[in-house]
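Asker: here is a sequence with its predicted model. Questions after.
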Amino acid sequence: MAVKKAAECSSKALAEEVQRWGAMKQNGVSLRYMMEFGARPTEKNLLLSAQFLHKELPVRIARRAIELESLPFGLSQKPAVLKVRDWYLESFRDIRSFPDVKDSNDELAFTQMIKMIKVRHNNVVPAMALGVQQLKRDINCKVVSELEEIHRFLDRFYMSRIGIRMLIGQHVALHDPDPEPGCIGQINTRLSPMQVARTASEDARSLCFREYGSAPDVNIYGDPNFTFPYVPSHLHLMVFELVKNSLRAVQERFMDSDKDVPPVRIIVADGIEDVTIKISDEGGGIARSGLPKIFTYLYSTAKNPLDETYEGISDGVTMAGYGYGLPISRLYARYFGGDLQIISMEGYGTDAYLHLSRLGDSQEPLP
């Protein structure tokens with residue numbers, strides 16, 4: 001009985017602490033600040049970075065944990081969502097029970113701990129997607145288009161997750177004893193968008209081959225020598241997602257046709273404010289009535305590959321179907337002040353414009 005009472009007290013205390021931290025102000029950083037700060041990963045700077053994260057991460061994690069408790073339509077009670085909430089509470093508890101970071105030994109121990117937190121949260125996106133799919137099965141699908149509130153929550157939730165992972169990943173990466181030339185933590189100061197477009201396209205094509213037995217060509221145009229500062233993993237994820245969608249559309253449109261399969265075209269343009277990457281296909285386009293749906297998390301034109309076992313799902317293992325590739329890609333673009341737009345010609349094809357902010361000055365958008 002005493003054990004049960006103690007457990008109740010500690011969970012009440014935890015809930016109160018989560019509420020207290022969730023009410024605190026978040027502090028955003030910019031890509032430029034991360035670059036300038038990380039350019040000198042001295043012991044002192046790493047200590048300052050750890051002290052900042054020790055205060056900042058619990059605020060961000062607490063906010064999400066609170067939101068996970070009170071989602072509409074019973075989404076909070078779905079097993080997959082309860083699991084995500086438990087991960088967030090566990091991570092909050094880990095950071096809050098870690099003493100103040102005072103010297104480099106503390107800093108190294110803290111770094112190991114947040115590294116573990118990042119791994120714990122690896123499957124958050126597929127788990128949340130599974131929760132939403134479970135919800136979709138339970139309620140009338142016609143209502144789903146009106147579930148604006150859930151959509152807004154997922155936007156905030158995933159944007160916050162991008163920020164948390166970026167801060168942890170950046171701090172951890174600054175410990176790399178042998179960074180790649182031009183890299184400051186996760187940021188490559190001389191990133192070639194042409195090179196990323198090539199790699200992402202090859203990855204998307206090999207996925208398409210696996211799924212359909214063939215894949216359209218991808219032609220890439222732009223200055224091969226042009227570079228700018230950006231996070232390679234973010235850019236790869238966005239381009240991969242867009243090219244994958246285009247390949248699927250073209251492949252399915254020309255599967256039983258004797259016409260030549262048109263290539264997907266990527267154009268990289270280097271502007272003063274933005275780097276823009278345009279991905280064009282002749283996959284038949286999207287009906288105008290369907291366009292507003294493509295950025296919601298409750299929509300996918302593909303069959304649903306999610307089943308009850310989402311353990312071990314990593315991002316982008318199937319050609320399509322979670323219904324969150326596009327909205328999450330747009331959040332990645334917006335995280336550093338860019339955007340993603342889709343323009344369609346029904347009966348012909350689709351153009352995706354990925355705008356990436358050149359200046360790196362915009363603050364993180366903190367939900």
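Answerer: Cool, the structure landed.
Asker: what about the helices in the stretch 201-350 of the chain?
Answerer: Shown for the stretch 201-350 of the chain, the helices assigned by DSSP state H, counting those that start in this stretch span residues 232-254, 325-335.
Asker: which strands and helices sit next to the shortest one?
Answerer: When contacts are defined as 3 or more Cβ pairs under 8 Å, 6 or more residues apart in numbering; DSSP states H and E, helix 325-335 sits against helix 148-173, helix 232-254, strand 339-345, strand 349-357. In this view, the C-beta of every residue, glycine as well, is placed from N, C-alpha and C.
Asker: go again with 6 Å.
Answerer: Under the contact definition 3 or more Cβ pairs under 6 Å, 6 or more residues apart in numbering; DSSP states H and E, helix 325-335 sits against helix 148-173, helix 232-254, strand 339-345.
Asker: compute the inter-axis angle for the second one and helix 325-335.
Answerer: If you take axes from the mean of the first three to the mean of the last three Cα atoms, to 10 degrees, helix 232-254 sits at 150 degrees to helix 325-335.
Asker: helices or strands next to helix 232-254 in the packing?
Answerer: helix 193-212, strand 274-281, helix 325-335.
Asker: so what's the residue found closest to Cys208 once you drop the neighbours it is linked to in the chain up against?
Answerer: Distance criterion Cβ to Cβ, 6 or more residues apart in numbering; nearest residue to Cys208, sequence neighbours excluded, is Ala215 at 3.7 Å. Residues in contact with Ala215 (Cβ atoms under 6 Å, 6 or more residues apart in numbering) are 205, 208-209, 247.
Asker: state the distance from Ala215 to Phe254.
Answerer: For Ala215, the distance to Phe254 equals 11 Å [Cβ to Cβ, to the nearest Å].
Asker: repeat for Pro177
Answerer: In this view, Pro177 and Phe254 are 49 Å apart by Cβ to Cβ.
Asker: more neighbours: the two, which one.
Answerer: Phe254 (18 against 4; other Cβ atoms under 10 Å).
Asker: what residues are up against Ile162?
Answerer: Tyr335.
Asker: just the pLDDT for it.
Answerer: Here the pLDDT value assigned to Ile162 is 94.
Asker: what of the one 4 residues further on?
Answerer: Residue-level confidence at Met166 comes out at 94, pLDDT.
Asker: and Ala204, by the same measure?
Answerer: Note for Ala204: predicted pLDDT of 95.
Asker: what do you get for Glu311?
Answerer: At Glu311, the model reports a pLDDT of 42.
Asker: mind picking the one among the contacts of Ala215 that's closest to Asn123?
Answerer: Nearest to Asn123 among the contacts of Ala215 is Cys208, at 24.7 Å by Cβ to Cβ.
Asker: that older thread, quick check: which of the helices and strands packed on helix 232-254 is nearest to Leu167?
Answerer: Going by Cβ to Cβ, the one of the helices and strands packed on helix 232-254 nearest Leu167 is helix 325-335, 11.5 Å.
Asker: do you know how far Glu69 is from Glu43?
Answerer: Distance from Glu69 to Glu43, by Cβ to Cβ: 40 Å.
Asker: how many residues are close by Val124?
Answerer: 20.
Asker: quick one, what contacts it?
Answerer: Val84 are the contacts of Val124 under Cβ under 6 Å, 6+ apart.
Asker: now with 10 Å, please.
Answerer: Neighbouring residues of Val124 by Cβ atoms under 10 Å, 6 or more residues apart in numbering: 64, 80, 83-84, 87-88, 157-158, 161, 164-165.
Asker: quick check: it vs Arg334, distance?
Answerer: Using Cβ to Cβ, Val124 is found at 19 Å from Arg334.
Asker: can you check Phe209 too?
Answerer: Counting by Cβ to Cβ, the gap from Phe209 to Arg334 is 32 Å.
Asker: related to what we said a few turns ago, give me the common contacts of Ala215 and Phe254.
Answerer: Contact with both Ala215 and Phe254 is made by residues Val261, according to Cβ under 10 Å, 6+ apart.
Asker: quick revisit: Phe209 and Arg334: which has the busier surroundings?
Answerer: Set Phe209 next to Arg334 and count neighbours by other Cβ under 10 Å: Arg334 wins out with 19 against 13.
Asker: model confidence score at the residue nearest to the more buried one when sequence neighbours are not counted, please.
Answerer: Counting by Cβ to Cβ, 6+ apart, Pro365 is the residue found nearest to Arg334 once chain neighbours are left out, at 6.1 Å. What the model reports as pLDDT for Pro365 is 83.
Asker: quick one: residues contacting Pro365.
Answerer: Counting by Cβ under 10 Å, 6+ apart, Pro365 has contacts 28, 155-156, 159-160, 162-163, 331, 334-337.
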